[in-house]
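>>> Need coordinates for the following:
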Amino acid sequence: MPIIKPVKGIHPQIPEDCYIADNATIVGDVTMGSECSVWFNAVIRGDVHYIKMGNKVNVQDGAIIHATYQKSPTTIGNNVSIAHNAIVHGCTIEDNVLVGMGSIIMDDCVIESNSIIAAGAVVTQNTRVESGSIYAGMPAKKIKDISEELVSGEINRIANNYVKYSGWFKE
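Down below sits the predicted model:
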């Protein structure tokens, strides 16, 4: 059974159509949209500030979503994939974003829509990732503009696949 528990009387809000893996942890002030999935060993800790997720967000295996006490909440838009072992902390991620495996997004960053954060990238505090771009490296910098093929072929494909994959576990 996943760990889903209140913190200071605030319960996570998880729609019925979401998939939560057996060993995922979701605590506190967390609000999820429809068709979300939280995978094995993922942790979403809304204990020190709120975490709001839109529709069709997938939080893959080992990923961590947290915030900074009384300072930086985490807001995630629609159609967002947070890949394996990524850390998303006290930031804003807009719609249609792919956060690559093992990447880190730090406090007060804004990841604008239709963007990709490459695997292993470290997006340092207060960085604004412009819409339609790919950021990579440590610290992450813009490496190129995103093509329409990457938006449909990667961002949308992965988000849609995770809705499909979650259905396999609901049967």
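>>> Run through the chain and note the low-pLDDT ranges.
171 (pLDDT under 70).
>>> For it, which helix extends over the most residues?
In the chain, with assignment by DSSP state H, the single longest helix is helix 157-170.
>>> Now do the buried residues in stretch 65-77.
Buried residues in stretch 65-77, counted by 16 or more other C-beta atoms under 10 Å: 65, 66, 67, 68, 72, 73, 74, 75, 76, 77. For glycine as for every other residue, the C-beta is placed from the backbone atoms N, C-alpha and C.
>>> need the residues you listed in JSON lines with secondary structure and distance to residue 21, can you?
What follows is those, written out as JSON lines (DSSP: H, G, I helix; E, B strand; the rest coil; distance: C-beta to C-beta, whole Å):
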{"residue": "65", "secondary structure": "strand", "distance to residue 21": "14"}
{"residue": "66", "secondary structure": "strand", "distance to residue 21": "18"}
{"residue": "67", "secondary structure": "coil", "distance to residue 21": "22"}
{"residue": "68", "secondary structure": "strand", "distance to residue 21": "26"}
{"residue": "72", "secondary structure": "strand", "distance to residue 21": "26"}
{"residue": "73", "secondary structure": "coil", "distance to residue 21": "24"}
{"residue": "74", "secondary structure": "strand", "distance to residue 21": "20"}
{"residue": "75", "secondary structure": "strand", "distance to residue 21": "23"}
{"residue": "76", "secondary structure": "strand", "distance to residue 21": "18"}
{"residue": "77", "secondary structure": "coil", "distance to residue 21": "22"}
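>>> how about those in a markdown table, adding distance to residue 10?
Output for the buried residues of stretch 65-77, formatted as a markdown table (distance: C-beta to C-beta, whole Å):
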| residue | distance to residue 10 |
| --- | --- |
| 65 | 16 |
| 66 | 15 |
| 67 | 13 |
| 68 | 17 |
| 72 | 18 |
| 73 | 13 |
| 74 | 15 |
| 75 | 16 |
| 76 | 18 |
| 77 | 22 |
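>>> Now do the contacts for the spatially most central residue of the chain.
Taking C-alpha atoms, centre = their mean as the criterion, residue 82 is the residue nearest the geometric centre of the chain, at 4.1 Å. Counting by C-beta atoms under 8 Å, 6 or more residues apart in numbering, residue 82 touches 57, 58, 59, 60, 63, 65, 76, 88, 99.
>>> Return the distance of it relative to residue 70.
24 Å (C-beta to C-beta, to the nearest Å).
>>> Hmm, residue 37 is touching residue 167, no?
No. Contact criterion C-beta atoms under 8 Å: residue 37 and residue 167 do not qualify, at 9.5 Å.
>>> what do those two both touch?
Listed contacts common to residue 37 and residue 167 are residue 19; contacts here mean C-beta under 8 Å, 6+ apart.
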